[in-house]
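A.B. asks: Here is the input, now give the coordinates:
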Amino acid sequence: MTIQDLIGDYSVSGSNQDETNQITYKGIVVYKCITKDILEGFWSEKHGNPLYLGTEYCLRMKSNEQLN
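C.D. replies: Model (predicted):
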């Protein structure tokens with residue numbers, strides 16, 4: 001099995017910690033394709049504490065149901 005890396009930059013604006021929705025979070029995200037249905041990865045904010053990384057584990061959903 002071959003593992004491919006997906007690397008990219010992100011920019012997310014929202015009200016996570018700011019009521020005026022004026023904060024934009026920027027950083028880098030790295031994913032590994034474990035299988036065609038499974039991704040795992042980590043992310044780091046550009047101006048965040050470098051001692052902390054976020055992690056993610058993603059599964060492909062096999063449903064046509066729309067989620068909100």
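A.B. asks: only C-alpha atoms for contact and neighbour calcs from this point on.
C.D. replies: Noted.
A.B. asks: Contacts for stretch 33-42, please.
C.D. replies: 3-6, 29-32, 53-60 (C-alpha atoms under 8 Å, 6 or more residues apart in numbering).
A.B. asks: From the chain's centroid, how far away is that stretch?
C.D. replies: 12 Å (C-alpha atoms, centre = their mean, to the nearest Å).
A.B. asks: Which positions in that stretch come out as buried?
C.D. replies: In terms of neighbour count (16 or more other C-alpha atoms under 10 Å), stretch 33-42 has its buried residues at 33, 39-41.
A.B. asks: Convert it to PDB, retaining C-alpha atoms only.
C.D. replies: C-alpha atoms of stretch 33-42 as PDB (Å, rounded to 0.1, in the frame of the first residue of the first chain):
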ATOM      1  CA  CYS A  33      -4.300   8.900   3.000                       C
ATOM      2  CA  ILE A  34      -4.400   5.600   5.000                       C
ATOM      3  CA  THR A  35      -7.000   4.100   2.600                       C
ATOM      4  CA  LYS A  36      -9.400   5.500   0.100                       C
ATOM      5  CA  ASP A  37     -11.900   5.900   2.900                       C
ATOM      6  CA  ILE A  38      -9.600   7.000   5.800                       C
ATOM      7  CA  LEU A  39      -7.500  10.200   6.300                       C
ATOM      8  CA  GLU A  40      -5.500  11.200   9.400                       C
ATOM      9  CA  GLY A  41      -3.600  14.300   9.900                       C
ATOM     10  CA  PHE A  42      -2.600  17.300  11.900                       C
END
